[in-house]
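K.L.:
Just the structure for this:
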Amino acid sequence: MLETRNLTIRFGGHVAVDHVSCAFAPGTLTAIVGPNGAGKTTYFNLISGQLPASEGQVLLDDMDITALPAPLRTRRGLGRAFQLTQLFPNLSVLENVRLAVQARHGGGLNWWQVWRDRKDWLEEARELVAGVRLLDKQAATAASLPHGDQRKLEVAVLMALDPRVYMFDEPTAGMSVDEVPVVLDLIRALKARRDRTILLVEHKMDVVRELADRIIVLHHGALVADGEPAAVIASDVVQQAYLGQAPTAGEEEAA
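P.N.:
Below you'll find the predicted structure:
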């Protein structure tokens, strides 16, 4: 469904993403890992349209979407959750999710008509808010929420759009230990559907081990490993590039 071909971006003389070619199929969850500065978020930005590529292509269903701006990519089915939350800060929790439900159904921005005529959309929004355990805060503005709740709200907004490709950029960053399972359970449920493509940038290797069907590793912007999680994590290139050390024989056997 989703593919990048030789995807590259340069900032002056620095190559942040270096000719990355990779395909992602429906029904799979791919974790994208690598050390800080490896190009993971930049790669996400190229796929979702926040940055223009210097070279290469992004394809969705074999259609070249490289020249499309981010909003049109979203309409084609690419959904993105960011490291830094992207919400309407002065709208309530429920209104943020309701607008996403409206957008998916092609309802425009006529808020009052939706309140009056489309109570089913409002109920759908409430169910999504309940799913991230924010129903007791549905009337609070997004800006008033603590960071962990803002991350959960952004996941609810993304799910309201119901894209074909879900892109999660460190979705549990900044969350308390008690909050993390809520988001991970939602990602597990999406994966269980087997009809969505899920990309996950994540530093927590226990999360990666549990959720990922596949791991790709970026280092200095280049794709250096791609495969089944246990094999990739145990590989020399990952031990050196991502963990900063070569594995011992005992570690290799344990992996």
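K.L.:
What distance do you get for F44 to S144?
P.N.:
28 Å (C-beta to C-beta, to the nearest Å). C-beta: built from backbone N, CA, C; applies to glycine.
K.L.:
Could you check which of the two has the larger neighbour count?
P.N.:
F44 (22 against 13; other C-beta atoms under 10 Å).
K.L.:
Look up how far G27 lies from L7.
P.N.:
Distance from L7 to G27, by C-beta to C-beta: 23 Å.
K.L.:
Please identify which of these two sits among more neighbours.
P.N.:
More crowded of L7 and G27, by other C-beta under 10 Å: L7, with 25 against 14.
K.L.:
Phi, psi for the more buried one please.
P.N.:
As for L7, its main-chain torsions (degrees, to the nearest 10) stand at phi -70, psi 130.
K.L.:
What of V33?
P.N.:
According to degrees, to the nearest 10, V33 has phi -130, psi 170.
K.L.:
Just give the closest residue to it, not the sequence neighbours.
P.N.:
Excluding the flanking residues, the one nearest V33 by C-beta to C-beta, 6 or more residues apart in numbering is V217, at 5.6 Å.
K.L.:
and that neighbour, what does it touch?
P.N.:
Residues near V217 by C-beta atoms under 8 Å, 6 or more residues apart in numbering: 32-34, 38, 223-226, 232, 237-238, 241-242.
K.L.:
Work out for me the element D18 sits within.
P.N.:
Element membership for D18 (DSSP states H and E) is strand 14-24.
K.L.:
Pairing partners for that strand, with directions?
P.N.:
In the sheet, strand 14-24 lines up against strand 2-11 (antiparallel) (DSSP bridges).
K.L.:
Please compute how far the partner strand lies from its chain's middle.
P.N.:
17 Å (C-alpha atoms, centre = their mean, to the nearest Å).
K.L.:
follow-up on the earlier one: list the buried residues in the strand holding D18.
P.N.:
By neighbour count on 16 or more other C-beta atoms under 10 Å, the buried set for strand 14-24 is 15-18, 20, 22, 24.
K.L.:
just the residues you listed now: which is nearest P89?
P.N.:
Proximity of the buried residues of strand 14-24 to P89 (C-beta to C-beta) peaks at A16, which lies at 29.1 Å.
K.L.:
show me where the stretch 51-200 of the chain has strands.
P.N.:
55-60, 63-64, 78-81, 165-169, 197-201 (DSSP state E, counting those that start in this stretch).
K.L.:
and the angle for the strand holding D18 with strand 165-169?
P.N.:
Counting by axes from the mean of the first three to the mean of the last three C-alpha atoms, to 10 degrees, strand 14-24 lies at 140 degrees to strand 165-169.
K.L.:
Enumerate every residue touching R164.
P.N.:
Residues near R164 by C-beta under 8 Å, 6+ apart: 1, 26, 77-78, 196-197.
K.L.:
What's the PyMOL syntax to select whichever of those residues are buried?
P.N.:
To isolate the buried members of those in PyMOL, using 16+ other C-beta under 10 Å:
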select buried, resi 1+77+78+196+197
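K.L.:
Tally up the residues packed near A38, please.
P.N.:
The number of residues packed near A38 is 23, by other C-beta under 10 Å.
K.L.:
Next, the contact list for the most centrally placed residue in the chain, please.
P.N.:
Ranked by distance to the mean C-alpha position of the chain (C-alpha atoms, centre = their mean), the top residue is F168 at 1.6 Å. Neighbour list for F168: 81, 155, 187, 198-202 [criterion: C-beta under 8 Å, 6+ apart].
K.L.:
I'd like to know how far it sits from H19.
P.N.:
Using C-beta to C-beta, one gets 24 Å for the distance from F168 to H19.
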